[in-house]
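[1] just a sequence and a predicted model for now, questions to come.
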Amino acid sequence: MRLLHTADLHLGRQFHGISLEDDHAAILDQILQAINTHRPDVFIIAGDIFDRASPPATSVRQFNAFLGRVARETEAAVVMIAGNHDSGDRIGAMSVLTDVRRALIRGPLLADETPLILRDAAGPVAISALPYGYEFAARDCFGDESIAMPEHVIRAQVTAARRHLPEGARWVVVAHAFVEGGSSSEGERPLARVGGIETVRHDMFDGAHYVALGHLHLPHSVGMPHIRYAGAPLAFGFDEAGSVKSMSLVDLDEQGRVAIIALPFAPTRGVRVLRGKFADLLHGEPSTDFIKAVLTNDAPLIDPMKRLRELYPNACQLTYARDERALDIMSEIKVQATLHDPAKVIREFLTQVRSEDPVDAELALIGSALSDLRSVEAQV
């Protein structure tokens with residue numbers, strides 16, 4: 001049995017205010033080409049089809065046209081679930097009037113989680129599709145008031161799915177979750193309330209031969225080789241600059257063992273961070289990539305972004321290296337001085353920021369300023 005595993009399309013998303021509609025169109029074309037080339041038995045989208053519960057009409061039309069082509073031009077079965085960015089009801093509505101022999105679409109949670117059963121020469125393969133659901137919805141669905149975190153939701157879903165597995169069937173689970181040990185990026189929305197535990201242990205999926213995950217945007221396996229994130233097809237933040245995005249082509253043999261090949265995407269616009277002197281960056285090759293410029297100039301410049309955009313029209317962000325370094329230091333520094341010695345605190349701060357100790361004249365100025373403050377405090 002061959003699977004093509006994708007996830008986290010986030011149709012309708014923008015990159016720093018710039019539309020990604022054309023970028024997504026290219027990605028959907030590449031997915032369709034991969035289906036036609038590699039002929040998977042099952043095409044999987046593991047949640048976050050859209051970027052928000054009420055996506056733009058253009059994104060809905062774009063996805064509907066894509067699904068129509070998959071149905072008309074390929075023989076692949078389709079399995080997809082709602083993610084935490086999606087409206088479960090919207091995704092669930094897509095299952096109306098679909099061919100249940102060829103499609104499994106899950107939006108809202110279901111207590112009676114029946115799989116899609118497909119067969120190959122080795123026998124049946126059961127595919128369970130477990131959409132993302134919030135704790136309150138899961139408590140209502142499963143009649144269990146003890147459900148209080150994402151792991152409890154997954155446990156209830158997996159338990160419900162196991163009840164419908166045919167004897168001896170190989171089992172594929174599609175889920176949208178943050179599995180413990182996964183690699184996150186800036187683009188993911190937390191799955192738990194503030195202070196809650198959003199991670200799920202990988203042993204929640206014991207018994208599954210392949211777990212097709214969505215939510216985390218970098219392609220990687222977690223816990224076990226067969227528990228895998230396909231990742232998002234596009235980078236949605238500069239922390240993902242240089243990362244290779246891919247879909248996972250999975251061959252499931254008669255014993256339930258998997259062989260996984262990453263099929264790289266070719267985005268129309270990359271995401272890059274350029275670092276250097278402003279004059280040097282202006283001598284680079286023109287590019288439509290999304291650009292973050294980190295200037296190493298000592299002094300601030302007047303409207304450098306305007307000039308950069310003449311060469312890089314999609315330049316989105318500009319910072320100075322000295323400012324980024326100061327922020328890094330402030331987040332990592334372990335202050336050795338106590339607050340009872342403010343002069344020492346100031347000296348350590350200056351040393352960390354500038355990589356050199358303050359000179360005598362600066363120390364005298366610091367001492368004088370602190371002395372003036374003490375005098376003011378004494379008069380209050």
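    On my side now, so go ahead.
[2] where along the stretch 151-300 of the chain do the strands fall?
    Ranges of strands within the stretch 151-300 of the chain are 170-176, 178-179, 199-200, 210-214, 220-222, 224-229, 246-252, 258-264, 271-276, 290-295, based on DSSP state E, counting those that start in this stretch.
[3] highest mean neighbour count out of those strands?
    Mean neighbour count, computed with mean count of other C-beta atoms under 10 Å, is highest for strand 210-214 among these, reaching a mean of 30. All C-beta spots, glycine's among them, are computed from the backbone N, C-alpha and C.
[4] and that strand, what's its mean pLDDT?
    What strand 210-214 shows for mean pLDDT is 98.
[5] among the strands of the stretch 151-300 of the chain, which is nearest residue 187?
    strand 271-276 (11.0 Å; C-beta to C-beta).
[6] could the strands of the stretch 151-300 of the chain go into JSON lines alongside distance to residue 306?
    Formatted as JSON lines, the strands of the stretch 151-300 of the chain follow (distance: least, C-beta to C-beta, whole Å):
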{"stretch": "strand 170-176", "distance to residue 306": "41"}
{"stretch": "strand 178-179", "distance to residue 306": "40"}
{"stretch": "strand 199-200", "distance to residue 306": "44"}
{"stretch": "strand 210-214", "distance to residue 306": "39"}
{"stretch": "strand 220-222", "distance to residue 306": "39"}
{"stretch": "strand 224-229", "distance to residue 306": "39"}
{"stretch": "strand 246-252", "distance to residue 306": "36"}
{"stretch": "strand 258-264", "distance to residue 306": "35"}
{"stretch": "strand 271-276", "distance to residue 306": "16"}
{"stretch": "strand 290-295", "distance to residue 306": "12"}
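[7] residue 2 is nearest to which of those strands?
    Here strand 246-252 is closest among the strands of the stretch 151-300 of the chain (C-beta to C-beta), at 5.4 Å.
[8] who does the closest one pair up with?
    strand 2-6 (antiparallel), strand 258-264 (antiparallel) (DSSP bridges).
[9] now do the longest helix seen in the chain: everything it contacts.
    Ranked by residue count and defined by DSSP state H, the top helix of the chain is helix 360-379. Contacts with helix 360-379, where a contact means C-beta atoms under 8 Å, 6 or more residues apart in numbering, come from 342-343, 346-347, 350, 358.
[10] count of residues packed around the residue nearest to residue 10 when sequence neighbours are not counted?
    Of all residues beyond its chain neighbours, the one nearest residue 10 is residue 51 (4.2 Å), with distances taken as C-beta to C-beta, 6 or more residues apart in numbering. Here the number of neighbours of residue 51 (other C-beta atoms under 10 Å) works out to 23.
[11] what of the one 5 residues further on?
    Here the neighbour count serves as a burial measure; for residue 56 (other C-beta under 10 Å) it reads 15.
[12] which outside residues touch stretch 303-318?
    Here stretch 303-318 makes contact (C-beta under 8 Å, 6+ apart) with 15-18, 238, 269, 278, 281-282, 284, 286-295.
[13] is residue 128 within a helix or a strand, and which one?
    In the assignment (DSSP states H and E), residue 128 maps to strand 123-130.
[14] no no, residue 309
    Going by DSSP H and E, residue 309 is in helix 304-311.
[15] next secondary structure element downstream of that helix?
    Sequence-wise, the next helix or strand downstream of helix 304-311 (DSSP H and E) is strand 315-320.
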